[in-house]
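A.B. asks: Here you go, sequence then predicted model.
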Amino acid sequence: MSKATSLPSFSRNEVAKHHTAADLWVIIDGYVYDLTQFQALHPGGAPPLKRLAGKDATVDFYSIHRKNVLNDSRFLKLKVGTLQGFKATQATEPSTPFAESDFVRKHSPYYNASHRRFRSAVRSFVDAEIVPTCVEDDENGEDPSLELNMKMGQLGILAAVCGKISTKIGYSKIQCGDVSLEEFDYFHELILCEEFKRFGAYGLSDGLLGGLSIGLPVILNFGSPYLLETVAKPCLRGEKRICLAISEPYAGSDVARIRCDAKLSEDRSHYIVNGVKKWITGGRFADFFTTLCKTEGGFALLVIERNNAVSTKAIKTSYSSAAGTAYVEFNDALVPVENLVGEEGLGFSYTMYNFNHERWGMAVGGNRMSRLMLEEAFRWAAGRQVFKRKLIDQPVIRFKMAQMAAEIESVHSMIEDITYQMCNMTSEEINKDLAGPIALLKYKQTRAASLVADTVCQIFGGRALTRSGMGVFVEKFQRSYKMQAILGGSEEILADLAIRQSMKTIGPIPAKL
Ligand SMILES: Cc1cc2nc3c(=O)[nH]c(=O)nc-3n(C[C@H](O)[C@H](O)[C@H](O)COP(=O)(O)OP(=O)(O)OC[C@H]3O[C@@H](n4cnc5c(N)ncnc54)[C@H](O)[C@@H]3O)c2cc1C
């Protein structure tokens, strides 16, 4: 028997008798709460509770609190009964328009049973293992736990965020959702990227998947069997962590200006690496650094293992330190030549190749962040009363919702179209033919996010600027969304790339098109 059904039942008249500060009951969503002792603990103080003593506080409660407050163990203890005639279904949260990407898609050519299985399994994992503490973990900014990382490894979640999974790494299936390698495609990865942004703690999700999803694919694509064995497999099992170290204080957008230097030792058994890298996601706790260096033979990608000649320090950014963003120093770091990815001289090409997958993943995750904002805006506008009406009853607010929904759904359609192209192309074809469309997609996604950020902030009012309570996710979004527009290629560079790539299809520009 559930706790709810074993509770005594009270009429409204009986609740109304408990209407003083010394004996203070309220009704919220069909349940009766004794808030007498809680007055001293209420973050908003005692006066608002005294005003509601003995009354139904449901509308007031939802106009400033999230439903999950009611599920907090501290609040559950205050529940003393149910309201007579109350039906349990009243308490179940209705689904929110646009909260799921299939809201406007009853039919889709893209998803099959294995995708639906995968989404449901990933969501169950995330809801059980990450969501319960994600807001606090994101706020605390500590390293995501290695134990959680290993659980993700065992389920194949880490492998599923690194592009096409090759049999080279010994997988026959992804445990999470029981997806065989034959079934696995970029739509599974799309789902994973979405589910890890759905919980709204962006620093934490980047700490869990960010470094791996950009630092490992280049090894999986171009690394030797030795690197697959000693680096890729432990990272995919979740025992070790990896990051991508390209940017430097002198070179962000203009990658070719990097200075990090790798010289071969006299016996040619090692590279000696000297240089610094800046803003490296996951760098604070990484065991391996996939690092772009300059060598005598041109650019080279080296996998540098953490040792005494490698030091990292945290960089505080506008989002959570749980992302592990770091400044990295290599001081005469000795790197065995076996740790060279592919060929010396091709490091720059590998880096550019890697960017397409990174940009696509960022656009998918970024649009999911925007979708969460639309969901938040709906929930808030449906509960918040202003001038005797709910916010959602104001046409101008519905217009703002429509603006956000139109942008988010357009970007989602672009994402699905490009993902479908990726599923039907080789990696080489993706690199050659989709660099432009993916650049355009990421540009469009971050422009859309800019409108979403402005709009959702306006709809939330003061709470959009508050780091707790109703606005907690909106506030996080305000200070996180801009990263998508700068990292992995800024908006200006990607817009330009998209047009330059499109012009390649017509050869030399004729005098008249
Ligand atoms: C939180 C965070 C995490 C990061 N994670 C990583 C990581 O894991 N690995 C890594 O290697 N790097 C990482 N970076 C670095 C990131 O990739 C760079 O910040 C980015 O490439 C931009 O470089 P920059 O900041 O030096 O800006 P700059 O290159 O100095 O550019 C500044 C601005 O100038 C404009 N601009 C630049 N070039 C052009 C142009 N050609 N035309 C028109 N406008 C232009 C753009 O608006 C751009 O935003 C991270 C950065 C941050 C903040």
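C.D. replies: Great, that's in hand.
A.B. asks: near the ligand, which residues of the stretch 251-400 of the chain?
C.D. replies: G252, S253, D254, W279, I280, T281, T317, T325 (Cβ under 6 Å from any ligand atom). (Glycine included, C-beta is placed from N, CA and C.)
A.B. asks: For the ligand, what's its nearest residue on the chain.
C.D. replies: G252 (1.8 Å; Cβ to the nearest ligand atom).
A.B. asks: who touches that residue in this structure?
C.D. replies: K278, W279 (Cβ atoms under 8 Å, 6 or more residues apart in numbering).
A.B. asks: so what pLDDT did it get?
C.D. replies: pLDDT for G252: 94.
A.B. asks: Equivalent analysis for E194, please.
C.D. replies: 98.
A.B. asks: what's the neighbour count on it?
C.D. replies: Close neighbours of E194, defined as other Cβ atoms under 10 Å, add up to 23.
A.B. asks: Report the secondary structure element holding it.
C.D. replies: In this structure, E194 sits in helix 186-198 according to DSSP states H and E.
A.B. asks: Relative to the whole chain's centre, how far out is the very next helix or strand once past that helix?
C.D. replies: Once helix 186-198 ends, the next helix or strand along the chain (criterion: DSSP H and E) is helix 202-205. Centroid separation for helix 202-205 versus its chain: 6 Å, with Cα atoms, centre = their mean, to the nearest Å.
A.B. asks: Report the rounded mean pLDDT for helix 202-205.
C.D. replies: On average, helix 202-205 scores 96.
A.B. asks: now for it, which elements pack on it?
C.D. replies: helix 134-140 (3 or more Cβ pairs under 8 Å, 6 or more residues apart in numbering; DSSP states H and E).
A.B. asks: counting contacts, what elements does the helix it packs on pack onto?
C.D. replies: Going by 3+ Cβ pairs under 8 Å, 6+ apart, helix 134-140 lies up against helix 202-205.
A.B. asks: for whatever helix or strand comes next after the helix it packs on, what is the average pLDDT?
C.D. replies: Proceeding N to C from helix 202-205, the next assigned helix or strand is helix 211-215, under DSSP H and E. If you average the pLDDT over helix 211-215, you get 98.
A.B. asks: Not counting helix 211-215 itself, show me its contacts.
C.D. replies: By Cβ under 8 Å, 6+ apart, helix 211-215 touches 158, 161-162, 235, 241-245, 280-283, 286, 288-290, 324, 354, 357-358, 361, 488.
A.B. asks: What strand or helix carries G361?
C.D. replies: Under the assignment here (DSSP H and E), G361 is part of helix 347-383.
A.B. asks: Just the mean pLDDT for that helix, thanks.
C.D. replies: The pLDDT scores in helix 347-383 average 96.
A.B. asks: Can you give me the buried ones in it?
C.D. replies: Judged by neighbour count using 16 or more other Cβ atoms under 10 Å, the buried positions of helix 347-383 are 347-351, 353-383.
A.B. asks: same deal with stretch 160-173?
C.D. replies: Buried residues in stretch 160-173 (16+ other Cβ under 10 Å): A160, V161, C162, G163, K164, I165, Y171.
A.B. asks: Noted, bye for now.
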